[in-house]
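**Q** Let's see this in three dimensions:
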Amino acid sequence: MEDLDSLRTGAAESEGVIHLAFNHDFTQHEAAARAELRAIETFGDALEGSDRPLVIATGGPVGSEQDAPPASASPRNAGAQAALTLAERGVRSSIVRLAPTVHDQSKRGLVGQLVDIVREKGVSGYLGDGSNRWPSVVHRTRCRALVPPGGGEGTGGIGAARRR
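**A** Okay, the predicted model is just below:
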């Protein structure tokens, strides 16, 4: 994501961009969010006036382009807001808010770490009475959520990957 010239060239030569990259080293979360914002702005500059799609995947609360920006301390909100404003510049921008956990049969990510802890300790902890829900998505199926709203006809929209 640091090679902005490469991102700009790739976006300019594309039929559209699906942006999935993010550095999940949370010891450098703010720097990663700034790099993501620069990437989104670069894609926007390359796609401006083209009516081509830019889809970004991010986490956070679900809403729509008519809702006020989410009240969140996450520095990633700047990138999401930047993507939405690209609709005003002739880019069919969309945000897909993925579930905070992605899992599959491998041991990567947070879910794999939680499973390892449960296996090691022999118990699974929870808060309160256990009725809370934490959305998750299976790795191999999350890409279905990345098609722009309306099969690519929407502008400035937000979608959510949800369990059906």
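
**Q** where do the strands sit along the protein?
**A** 17-19, 53-58, 92-97, 101-103, 136-138, 157-160 (DSSP state E).

**Q** Single out the most deeply packed of those.
**A** strand 92-97 (a mean of 26; mean count of other C-beta atoms under 10 Å). All C-beta spots, glycine's among them, are computed from the backbone N, C-alpha and C.

**Q** Which strands and helices lie in contact with it?
**A** Packing partners of strand 92-97 (3 or more C-beta pairs under 8 Å, 6 or more residues apart in numbering; DSSP states H and E): strand 53-58, helix 77-85, strand 157-160.

**Q** Dump that strand to CSV, restricted to CA.
**A** Only the C-alpha atoms of strand 92-97 are listed here, as CSV (Å, rounded to 0.1, in the frame of the first residue of the first chain):
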residue,chain,number,x,y,z
ARG,A,92,-19.0,4.5,-7.9
SER,A,93,-17.7,4.1,-4.4
SER,A,94,-19.0,1.5,-2.0
ILE,A,95,-18.0,0.3,1.5
VAL,A,96,-18.5,-3.3,2.7
ARG,A,97,-18.2,-3.6,6.4
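
**Q** and it with helix 77-85, angle?
**A** 140 degrees (axes from the mean of the first three to the mean of the last three C-alpha atoms, to 10 degrees).

**Q** Any idea how far strand 92-97 is from the middle of the chain?
**A** Chain-centre distance of strand 92-97: 8 Å, with C-alpha atoms, centre = their mean, to the nearest Å.

**Q** What mean pLDDT does it get?
**A** Averaging pLDDT along strand 92-97 yields 87.

**Q** Make residue 1 into 17 and carry on from there
**A** Okay, residue one is now 17; in that scheme the one you just asked about reads as strand 108-113.

**Q** Pull up the pairing partners for that strand, direction included.
**A** If you go by DSSP bridges, strand 108-113 pairs up with strand 69-74 (parallel), strand 173-176 (parallel).

**Q** Mean pLDDT lowest where, among these?
**A** Among these, strand 173-176 carries the lowest mean pLDDT, at a mean of 45.

**Q** Backbone torsions only: list them for the residue of the chain most remote from its centre.
**A** Farthest-out residue of the chain from its mean C-alpha position, per C-alpha atoms, centre = their mean: residue 138, at 33.4 Å. Main-chain torsions, residue 138, degrees, to the nearest 10: phi 80, psi 10.
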